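Engineer: Please find the sequence and the predicted model below.
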Amino acid sequence: MLLNRLKYRPCRAARFVGPADNAQRPGAGERAGGRTLVRRCAYLLMTAYVLLGTFGRFPWKADEPYSFSIVWNILAHGQWLVPHVGGDPFLEKPPLMFWLGALCARLMPWLPPHESCRLAVLLCLVLTCCAYCLAAARLYDETLHPGQGAPGIPSRRDWHLTALCLLAGTVGLAEHAHKFTADLGQMAGAALALAALVLACPRRGVPPPVGRAFRHGLLFGLGTGVAFLSKGLLVPGIAGLTLLLCLALVPGFYLGAGRRFWLGALAAALPFALPWPWALYRVEPDLFNEWFWTNNIGRFIGATALGGHDNPFQDRVRALLVNGAPASIIVLAGLCGVLMRSARRRLGPGLAPHRLRHGAARMPQALPARAVGGSEGNGLSAWRSFRPAYGVTVLFTAVSVVTLCASGAMRDIYLMPVYPALALLALPAAAGLERRDGKGWIIARRTLDGLFCAALVVIVSTWYALVKGTEPALLRGLWPGVDQVFPLPFALRREPWAAIAAGGLMALWWMIARARCGVGPLLAWTSGLATVWGVAFVLLMPWIDAARSYKDAFSPLRNWVGASGCLATDGMGESELAMLQYVTGTAGRRIYAGHSGQGDGVTKNPAARSCALLLVQDSIARPEKKTGRQWLPLWRGGRPADDNAFTLYRLAGRDDQTTPPGLP
């Protein structure tokens, strides 16, 4: 019944309408006002989408707990040079993101540290969006080159809205963009470097003014430096290789102004690239080698068995298509269309495809086989068909995808630097698709609205059941194994402000869904995703946090661990050790030596031999960790969303001050 009230009517908005036309055409002002309202509602929803889920919770696995632990050790022990997790050095990532988190926590001491440090998340997202919008504006100017004409080209406001919807609606960013991780700094650096390359492209065959070369170089160096000091060598290598390809393949790319570009890039990158590695090498040369050779070079060539090292090629391609959607789907469809048209042209003129209908989306052309040359008229004609900024985006995306697929290790979170480039790659086609208003697009919008409406019904019904203290029957019927992930039964407090905020989000989504003009499938997808995400976290945040955080799992250990002051651990990774130290105030000591994971599994750690308490993490279904008879179990617990459990042992017949004969 709710969907039947959504009245979709055809909207003739495919042609660009100027201010003079608005004054003459009847109803044009009303349609323009409706599009303005839609844009404002969409921006409010995307703002809420960024904020909700970022604050008001404990750190969540997999990467956020140990990232925050580095910040906690900086605040508690002043360990600014060498990152530490749970009392041990952790050299997988450089410390820029952790420095930002510590500074944010220092600026707002009245907030819990795990909350205040997440202001660095907002800073990285703002940098990413600013760089992304600069590149999108450059693509818009390139789309409106002379001779193409105004019909079929969206307005600048609609173009920017489509661009932000592409980035915000990326599936892979839904969770990772809300967590405090070093990958956010790497994504911001990649977006800045890409924006610098796009801005450095010639405009209609004319290189940018010489005075701008230094500024573009500063932006490029800033991006590569931020990415390097956030995550390592991956993005600087991708950006550097893309720059070399641009110099070789893009005609007129900086020509005589190259020196100023390189000077600006070096001036901006050196403060990020030199001081910390040099200081680390001078103070801890072994840790420098562990960071540079093991966690950067070794991870890329597959010499180290770290996270994501065993992903086959087909899983990586699938992860790119799924996590990069909807931009990856649009790019794949456009690539298939280009290949089909090329094949038909080669087969013969009789099989050549017909021209696209008026208003249909046309993918921009790829890099030409020849450089631009000839007379002035021929050169201008060639530049009308060649879009250098779009070509640079193609190069950056291709180099990123090939590098990640060839790397020895890849996880879904490693794809974050690719998402802004992938969204820019799909932007021209998406902007054209958003302005189509055929029957198929109406069905697509109504289908998306129906799916999101059903998801909102499930969320609200679950919240109502948990507030009443009853079983969420609707959710249980759709998901029988929900109690294996979320704690049930669960008592949820009634918060009037939560209901009001959820109602406001759904009202914004309703105004977008019922709009007759200016709403395409992409805007319907992004607004619906933002609404479902926001309503879920406004209403169900305590329930979700209880399932995903370690606060409730480690809180019962405070009395035992605090009295002992020494706790040995077995089978615990960085995230568990990080939250154990933050919740109990005591850093666990691995029974095996090593700085990553559970240790090397061979060499016993001398610092753990004096502990009379032992905390073991093991699989619930298949326990593998064995302890001797001298260890008596004291406590057992864990997270509802985990297949693992924690067991606390105490050495039999000895108090906390007695040295045990040995650990298992």
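Structural biologist: Cool, got the structure. Residues are numbered from 1 along each chain as shown.
Engineer: in the helix or strand hosting residue 214, what counts as buried?
Structural biologist: When secondary structure is defined by DSSP states H and E, residue 214 falls within helix 210-230. Applying a neighbour-count criterion of 16 or more other C-beta atoms under 10 Å, one finds 212-230 buried in helix 210-230. Glycine gets a C-beta too; all of them are placed from N, C-alpha and C.
Engineer: Please apply the same query to stretch 514-531.
Structural biologist: Neighbour counts using 16+ other C-beta under 10 Å place 515-531 of stretch 514-531 among the buried residues.
Engineer: Return the distance of the helix or strand containing residue 523 from the chain's centre.
Structural biologist: If you go by DSSP H and E, residue 523 is part of helix 521-548. Averaging C-alpha positions (C-alpha atoms, centre = their mean, to the nearest Å) puts helix 521-548 16 Å from its chain's average.
Engineer: just checking, what packs against it?
Structural biologist: Helices and strands in packing contact with helix 521-548 are listed as helix 28-51, helix 156-168, helix 418-434, helix 439-468, helix 496-513; criterion 3 or more C-beta pairs under 8 Å, 6 or more residues apart in numbering; DSSP states H and E.
Engineer: hey, where'd the helices end up in the stretch 1-150 of the chain?
Structural biologist: Taking DSSP state H, counting those that start in this stretch as the criterion, the stretch 1-150 of the chain carries its helices at 19-24, 28-51, 64-77, 96-107, 113-116, 119-143.
Engineer: tell me the angle the longest one makes with helix 28-51.
Structural biologist: So the one you mean is helix 119-143. Our comparison of helix 119-143 with helix 28-51, counting by axes from the mean of the first three to the mean of the last three C-alpha atoms, to 10 degrees, yields an angle of 150 degrees.
Engineer: Select, out of the helices of the stretch 1-150 of the chain, the one closest to residue 542.
Structural biologist: Go through the helices of the stretch 1-150 of the chain one by one with C-beta to C-beta and the one that ends up closest to residue 542 is helix 113-116, at 15.1 Å.
Engineer: pLDDT on the closest one, on average?
Structural biologist: For helix 113-116, the mean per-residue pLDDT is 94.
Engineer: now what about it, what contacts it?
Structural biologist: Under the criterion C-beta atoms under 8 Å, 6 or more residues apart in numbering, residues 55-56, 58-59, 68, 71-72, 75, 104-105, 107-109, 582 lie in contact with helix 113-116.
Engineer: So which of those residues wins on neighbours?
Structural biologist: Greatest neighbour count in these, by other C-beta atoms under 10 Å, goes to residue 71: 30 neighbours.
Engineer: Contacts only, for the residue nearest to that residue when sequence neighbours are not counted.
Structural biologist: Of all residues beyond its chain neighbours, the one nearest residue 71 is residue 101 (4.2 Å), with distances taken as C-beta to C-beta, 6 or more residues apart in numbering. Each residue near residue 101 by C-beta under 8 Å, 6+ apart is listed here: 67-68, 71, 117-118, 120, 180.
Engineer: What is the nearest of those residues to residue 40?
Structural biologist: Using C-beta to C-beta, residue 118 is the member of those that sits closest to residue 40, with 26.4 Å.
Engineer: Can you give me the distance of the closest one to residue 278?
Structural biologist: As defined by C-beta to C-beta, to the nearest Å, residue 118 lies at a distance of 30 Å from residue 278.
Engineer: same question, residue 217
Structural biologist: Applying C-beta to C-beta to residue 217 and residue 278 gives a distance of 23 Å.
Engineer: low pLDDT regions in the stretch 1-150 of the chain?
Structural biologist: Low-confidence segments of the stretch 1-150 of the chain, defined by pLDDT under 70: 1-33, 144-150.
Engineer: Counting by contacts, list what the helix holding residue 214 packs against.
Structural biologist: Counting contacts by 3+ C-beta pairs under 8 Å, 6+ apart, helix 210-230 is packed against helix 96-107, helix 119-143, helix 182-199, helix 234-249, helix 258-273.
Engineer: Out of the ones you listed, which gets nearest to residue 462?
Structural biologist: Nearest of the helices and strands packed on helix 210-230 to residue 462, taken as C-beta to C-beta: helix 119-143 at 27.1 Å.
Engineer: Which strands or helices does the closest one pack on?
Structural biologist: Under the contact definition 3+ C-beta pairs under 8 Å, 6+ apart, helix 119-143 sits against helix 96-107, helix 156-168, helix 182-199, helix 210-230, helix 388-406, helix 418-434.
Engineer: on that earlier part again, who has more neighbours, residue 118 and residue 278?
Structural biologist: Between residue 118 and residue 278, counted using other C-beta under 10 Å, the more crowded position is residue 118 (25 against 11).
Engineer: And the pLDDT at the residue found closest to the more buried one once you drop the neighbours it is linked to in the chain?
Structural biologist: Across the structure, with C-beta to C-beta, 6+ apart as the measure, the residue nearest residue 118 apart from its sequence neighbours is residue 180 (5.1 Å). The confidence metric pLDDT takes the value 95 at residue 180.
Engineer: still on that earlier bit, can you add distance to residue 415 and give the helices and strands packed on helix 210-230 back as CSV?
Structural biologist: Output for the helices and strands packed on helix 210-230, formatted as CSV (distance: least, C-beta to C-beta, whole Å):
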stretch, distance to residue 415
helix 96-107, 18
helix 119-143, 14
helix 182-199, 9
helix 234-249, 11
helix 258-273, 23
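Engineer: Many thanks, we can stop here.
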